[in-house]
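Participant: for reference, the sequence and a predicted model appear below.
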Amino acid sequence: NAGVTQTPKFQVLKTGQSMTLQCAQDMNHEYMSWYRQDPGMGLRLIHYSVGAGITDQGEVPNGYNVSRSTTEDFPLRLLSAAPSQTSVYFCASRPVTGELFFGEGSRLTVL
Amino acid sequence: AQSVTQLDSQVPVFEEAPVELRCNYSSSVSVYLFWYVQYPNQGLQLLLKYLSGSTLVKGINGFEAEFNKSQTSFHLRKPSVHISDTAEYFCAVSDVSNYQLIWGAGTKLIIKP
């Protein structure tokens, strides 16, 4: 049982480049989410989804897009990377009620 | 809106000493409460949770937490810490009617040999 899998683990981008962080879960969870983690700021919700075809904005959505075409996958797209998007990104999923299961994180540096 | 305060950004403690990490939340509506742990360069994993029932909740690795509704607190405790407990600990709260988690800023537990 792989749980929540994120790729890539590390990425370096130049300002203005675009990229997609991949997230997949094999637990049949309806709810999936993306967080960013910055020192001293805890976890901040970027986008979330309560099921295939349904997405919504979190606390810090600007500069990011998501889609949810299947229950398993929830990719996060950076449209035009900026240095302020340098962060560690976590994907998480959970059943309708209950605890969040996290991926191991993707460390992104934007130069 | 709900908010979560972890009063200490860092807590240094000697090995085998007891520790308490504090967490307070703002709203007194019915809530679910969680503590997560993040070891260096890893994702977060659930330490323990309070959904209902007994206010004293036991989790993994010898940790426990007590839900205090009147003080809107959910402090995490361990009677004797080990070097392997070095990690960052996050408190999170959700209203029972809204499953979005609100996170505290985290507390780094530093174990001194």
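Facilitator: Perfect, thanks for sending it.

Participant: can you tell me the centre-most residue of the chain?
Facilitator: Using chain A here. Residue closest to the mean C-alpha point of chain A, counted by CA atoms, centre = their mean, is residue A:34 at 3.1 Å.

Participant: wait, I meant chain B there
Facilitator: residue B:35 (3.8 Å).

Participant: who touches the helix or strand bottoming out on mean pLDDT in chain B?
Facilitator: Comparing every helix and strand of chain B by mean pLDDT, DSSP states H and E singles out strand B:102-103 as the least confident one, with a mean of 90. For strand B:102-103, the surrounding residues in contact (CB atoms under 8 Å, 6 or more residues apart in numbering or on different chains) are A:42-44, B:2-4, B:25, B:90-94. Glycine gets a C-beta too; all of them are placed from N, C-alpha and C.

Participant: repeat that for 6 Å
Facilitator: Here strand B:102-103 makes contact (CB atoms under 6 Å, 6 or more residues apart in numbering or on different chains) with A:42-43, B:2, B:4, B:90, B:92-93.

Participant: so where's the chain uncertain?
Facilitator: I went with chain A, as the question did not name one. Applying pLDDT under 70 to chain A flags the ranges A:1, A:97.

Participant: you answered for a different chain; I wanted chain B.
Facilitator: By pLDDT under 70, the low-scoring segments of chain B are B:28, B:99.

Participant: residues contacting residue B:78?
Facilitator: By CB under 6 Å, 6+ apart, the contact list for residue B:78 reads B:19, B:62-63.

Participant: residues in chain B within reach of chain A, list them.
Facilitator: Selection of chain B residues close to chain A by CB under 6 Å from any CB of the partner chain yields B:43-44, B:46, B:103-106.

Participant: by neighbours, which of those wins?
Facilitator: When the residues of chain B next to chain A are compared by neighbour count (other CB atoms under 10 Å in any protein chain shown), residue B:44 ends up highest, at 28 neighbours.

Participant: just the element for residue A:12, please.
Facilitator: Taking DSSP states H and E as the criterion, residue A:12 maps to strand A:10-13.

Participant: picking up where we left off before, neighbour-wise, which of the contacts of strand B:102-103 leads?
Facilitator: Counting neighbours by other CB under 10 Å, residue A:43 leads the contacts of strand B:102-103 with 27 neighbours.

Participant: still on that earlier bit, just checking: what are the partner strands of the least confident helix or strand of chain B?
Facilitator: Strand B:102-103 pairs in its sheet with strand B:87-95 (antiparallel), by DSSP bridges.
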